[in-house]
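Novice: Have a look at this prediction, sequence included:
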There are 4 protein chains.
Amino acid sequence: MLLLIKRLSVPARHVARGTTCLLYSTEAPSSNCAIGFIGLGQMGFNMARHLRAKSKVPFVVYDLNRHAMEQFHAENGKDVGMASSPAELASRASVIVTVLPESAHVKEAYLGESGIIKGIRQGTLCIDSSTIDTSVSVDVSRQIIAAGARAVDAPISGGIMGAKAATLTFMVGSQTDSDFEQARAHLLLMGKNVVHCGDLGAGQAAKICNNLLLAISMIGTAEAMNLGMRLGLDPKVLASIVNTSSGRCWSSDTANPVPDVIATAPSTNNYNDGFKSRLMLKDLGLVSNAAKDSKTPLMLGALAENIYRHLSNDATMAEKDFSVVYQWLAKKP
Amino acid sequence: MLLLIKRLSVPARHVARGTTCLLYSTEAPSSNCAIGFIGLGQMGFNMARHLRAKSKVPFVVYDLNRHAMEQFHAENGKDVGMASSPAELASRASVIVTVLPESAHVKEAYLGESGIIKGIRQGTLCIDSSTIDTSVSVDVSRQIIAAGARAVDAPISGGIMGAKAATLTFMVGSQTDSDFEQARAHLLLMGKNVVHCGDLGAGQAAKICNNLLLAISMIGTAEAMNLGMRLGLDPKVLASIVNTSSGRCWSSDTANPVPDVIATAPSTNNYNDGFKSRLMLKDLGLVSNAAKDSKTPLMLGALAENIYRHLSNDATMAEKDFSVVYQWLAKKP
Amino acid sequence: MLLLIKRLSVPARHVARGTTCLLYSTEAPSSNCAIGFIGLGQMGFNMARHLRAKSKVPFVVYDLNRHAMEQFHAENGKDVGMASSPAELASRASVIVTVLPESAHVKEAYLGESGIIKGIRQGTLCIDSSTIDTSVSVDVSRQIIAAGARAVDAPISGGIMGAKAATLTFMVGSQTDSDFEQARAHLLLMGKNVVHCGDLGAGQAAKICNNLLLAISMIGTAEAMNLGMRLGLDPKVLASIVNTSSGRCWSSDTANPVPDVIATAPSTNNYNDGFKSRLMLKDLGLVSNAAKDSKTPLMLGALAENIYRHLSNDATMAEKDFSVVYQWLAKKP
Amino acid sequence: MLLLIKRLSVPARHVARGTTCLLYSTEAPSSNCAIGFIGLGQMGFNMARHLRAKSKVPFVVYDLNRHAMEQFHAENGKDVGMASSPAELASRASVIVTVLPESAHVKEAYLGESGIIKGIRQGTLCIDSSTIDTSVSVDVSRQIIAAGARAVDAPISGGIMGAKAATLTFMVGSQTDSDFEQARAHLLLMGKNVVHCGDLGAGQAAKICNNLLLAISMIGTAEAMNLGMRLGLDPKVLASIVNTSSGRCWSSDTANPVPDVIATAPSTNNYNDGFKSRLMLKDLGLVSNAAKDSKTPLMLGALAENIYRHLSNDATMAEKDFSVVYQWLAKKP
């Protein structure tokens, strides 16, 4: 399709929904084609860097933290714009990507007094890559759409490593296939997998369902490994058996929580450089909100959330990879 | 190695530990080389059939249920012996395989008044393929060894299907490598994977640790799938996302508990022909015994056991594949 | 203030318990002294009836359901005013009582487009007897106070029976002792215990902490009674032992979940006329919100919430007294 | 009846079942009337001291630890006999009291090679005040009865304090009322409440059901108190509200786990001098054994056991009163 568009040399104003300005790399960038990026935290900064480098259209950023904006500007070129507010950014961009920590920040950035909605242009595509409450995500997207623009949710899997290497996975919820396709074109500049999960909110829903199962299987792996070791099994032998049996899971074969079982697992690196316990706890909070709203009983999931809450009351463990739950469990009698 | 031994035609008394009488298929079977098999239930019957057909040595069976013995005899040849007790069987065999339901049966069969230990010959190898308490298994094995024979634990993974197709996996605990090797030679006639897990009891330990993680990840998968569906996700889409993400596990990618997600999963076949909930409950009982003995805290594991106990109080669900926990969870509000 | 009233020479013996404006019964009622009541559901209707009958000041009501207002008007006197909105009601009252189902209703009634805050008079005392999120309660109260009025939270214990009989208990959070005292005077017309729990939000906090423990001890009682009965104990004997031992609790000695152990318990009346499971579930939702906000780990509490969620997916059980969890647990194998 | 026996001066052999030798305090003690006591640990030593002092019949003790026997002998009189085995003790006594730590010790003391059953006399009453598995208790009692003697289970509530002050409560299971009556006469010398719970094993069952509920309500109280305090409530105020509301329980009003709420609670005394966590864990182990045997699902109970197991892996907490679970939970974030 990209090829087709180029061959036909359609004028920008005729470009069908679902394509992106950035395709016209031979033409001079116009402000119609600018990309806005809000949220230059550890994830966002790295993602924006890739997007800026590969998209070759005007680029404008916003962050509450002015220092982060200036650093991005300094590192990524003098032509990077720095907006004074989400509203102003929205007035200058036709694609907006947001990567923010929590539901409240997303609500504020999109719907607040100087939020995106106050400046947004007709047809602009908003891609929210924050991981937030499904219900908030759907509500924000609907308001943006009601204002004449477009919105998809596209939460991320892959962590800071993935953001740096542009190997992230995005789980996307969109109202139309063309919204998905256009979002996908941009997201592939920052990651390598973009999955269409369904309607608005489906990206959020898929992400938290995955992380629910992830938390449960990690604690389960920690329990099983700990039990086996106390019964005298060698942890490598036990892991190798489980990993070729019905107990196999990512938490066992890739991120085994017992140090030195898997050389590349965070546990082997003193539980560093992984997915922090407090972030898993945050996602489990989104899970339990969604479960409450949808009257869905969780048993293991509810307990998993509270185990991570208990564990995260230890300031050190809160900052470690979530496989540190093995240490929490395995204290010697 | 099998070939080598044959060519050398070493006398039986010189055969190294770790080989088996059954190798001498060209020689007349001698009672020294007989295999005894105790426990002709659904698993044992099918296993014994393969062992009998492939080992070509005298074969003698025992089961409390005389009818099962007679049926085996009728179906598998007139030269199959029927013992009057485990002790008598032991007096006629140099390799004994046992496949029994619970710890108490194993204790009785090995150490009871007319148990194996009362008739066992020096050097006989006992292979217990029951899934029982690790502590009982170790204790029984030690008593058999103290009586001058040899013992390994070799619990099974793979179910009745695997028993019929001789595709079982065996997890073996043994005192010596040669005991393991000899057990392995026999077990490969009934299955296709034989894993050395460690010292006596290690087979039992490995199996219950695997099944602990299996139960947890199955319930976790059911919770995550149910939540996702209530949030509007298509179950196949959700499963495909999870299965390429950090939530992937055997319970999600092979035995997904939501019907029609995986064509070959028991859930798609009305939860039939899988691993029954009540058998999972039994294994989780072994888990909690071992956890209690070793002072190992389980959180998700303890809850999983009690979820399966609650579920198994429904007579229908007790007989269904353990992925039926999805139905238990997913009742509509 | 009480002293002031005394100085004005109102004979003490004529002063009704704990009243405010309504003390001046010899004076013509003025609109300054009117009581406004919002929320004529099952609880509120009965509470308002008592307050109306005992306070002898102008009375004005509001409910989204116009039929409920008209019924109250018809049953409680032609001089009961019917407001067109919370704002209008607020413009006519100096004390306002609200009894609403959920946080969203309270936010709307107080802070919405035609909410109380739009019509409120300086110094008016708002008494919110809804059971809602502690954080929402504090936020609403603070906004009312910032608008020049006063606010207390005063959630209720005692149920519809208590509302009919005016035997309710109120748990009050207030900024000042005098706010508490004035609220107390009114609340005693609708109940018999009014407890000062602390600052704004403390009434909500106390109520949900009590109900957290209540849910846990009820499920615990159900588990202990069920276990004892399966072990052969007579439930009355077991209850009598527990009730004089360290296991005693309200759920065992007053509302025992096993039918016929306590004659007056809802369980004995087919789990009717008690505190519905779905309402306990609602309160446990408030508990888990508060726990999340305050990073407080719950273990049994989180599980209790999800047990009530599972149980409430059965439409019949949802409407039964929450002791019906015994039936949920005790299904026979 | 007691009076009647005295007046008639019936010879010992005619004494009806259900009476006790010790009634004949005016007569010289005969060996027919001796009391045997096995188990001189912290509980047993104190209990035996009271029984010895108040019963005025020959007294013979046994403990595996010879030093404990000698100390008892030294402190309680030269005429206290020291048996060489339970069998020998049994040959010298007509009433036997046992207070032992675990099921295995009781099995050994009663049924072992030199166990009570090897020396027991016809009609001797065995009172086992150990807290052990209900199934083991019933089995041991039945074997003693089959040997021509009598047996009751009579586990204890009240702790070391109660043993010292002779204020213990005994929960008794017996086959006949007269066995209960005779046991009661002796138990009242060591405690003040003796409750007939039902048939053999009923004492054990009642005790563990009580302690199951106790553990759950203690953790529940700790969760509710911790939540309330994090929400800003004063713990004394919260406790006073709960204790007059539906959350009230022994763990809240008598042994509140937050220090300084209840002056006499172990928590206020640095969690000393109460019921140790590791002993609560032991009892919860008996609970889960009984639940497994009777296919009774526990949810909160299973989690409670594992919380105490996790906590008891901390050597200090294991020795503290079980209300220390509040400290386990309340670690600050």
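Specialist: On my side now, so go ahead.

Novice: What residues does chain A have near chain C?
Specialist: Applying C-beta under 8 Å from any C-beta of the partner chain, one finds that chain A approaches chain C through A:285, A:288, A:291-292, A:295-299, A:302-303, A:305-307, A:309-310, A:312-313. For the C-beta atoms, the positions are set from N, CA and C on the backbone; glycine is no exception.

Novice: In strands, which of these fall?
Specialist: Taking DSSP state E as the definition of strands, the residues of chain A next to chain C contribute nothing to them.

Novice: Go back to those residues and keep what's next to chain D.
Specialist: Within those, those near chain D by C-beta under 8 Å from any C-beta are A:299, A:303, A:310, A:312-313.

Novice: List the residues that contact the most centrally placed residue in chain A.
Specialist: Nearest residue to the geometric centre of chain A (C-alpha atoms, centre = their mean): A:I156, 2.2 Å. Going by C-beta atoms under 8 Å, 6 or more residues apart in numbering or on different chains, A:I156 touches A:43, A:99, A:129, A:131, A:162-163, A:168-170, A:191, A:207.

Novice: Beta-bridge partners for it, please?
Specialist: Note on A:I156: beta-bridge partners by DSSP bridges are A:F170.

Novice: and it, how far is that from A:S246?
Specialist: A:I156 is 30 Å from A:S246, where distance means C-beta to C-beta, to the nearest Å.

Novice: and which of the contacts of A:I156 is nearest to chain C?
Specialist: A:T131 (15.7 Å; C-beta to the nearest C-beta).

Novice: Please flag which of the ones next to chain D among the residues of chain A next to chain C sit within helices.
Specialist: Under the assignment DSSP state H, these contribute A:303, A:310, A:312 to helices.

Novice: Out of the residues you listed, which is nearest to chain B?
Specialist: Distances from chain B to those, taken by C-beta to the nearest C-beta, are shortest for A:L303, at 5.9 Å.

Novice: Number of residues surrounding the closest one?
Specialist: For A:L303, the neighbour count with other C-beta atoms under 10 Å in any protein chain shown is 24.

Novice: Could you check the pLDDT of A:S9?
Specialist: Looking at A:S9, its pLDDT is 33.

Novice: quick one: which helix or strand includes A:P259?
Specialist: Assessed by DSSP states H and E, A:P259 sits outside every helix and strand.

Novice: roughly how far apart are it and chain B?
Specialist: 18 Å (C-beta to the nearest C-beta, to the nearest Å).

Novice: Could you do A:P101 as well?
Specialist: The gap separating A:P101 from chain B is 20 Å, by C-beta to the nearest C-beta.

Novice: ok, now which residue in chain A is the farthest from the centroid?
Specialist: A:G232 (40.2 Å).

Novice: Switch the ones in helices among the ones next to chain D among the residues of chain A next to chain C over to JSON lines; also include distance to B:Y110 and pLDDT.
Specialist: What follows is those, written out as JSON lines (distance: C-beta to C-beta, whole Å; pLDDT from 0 to 100):
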{"residue": "A:L303", "distance to B:Y110": "39", "pLDDT": "98"}
{"residue": "A:H310", "distance to B:Y110": "44", "pLDDT": "97"}
{"residue": "A:S312", "distance to B:Y110": "49", "pLDDT": "96"}
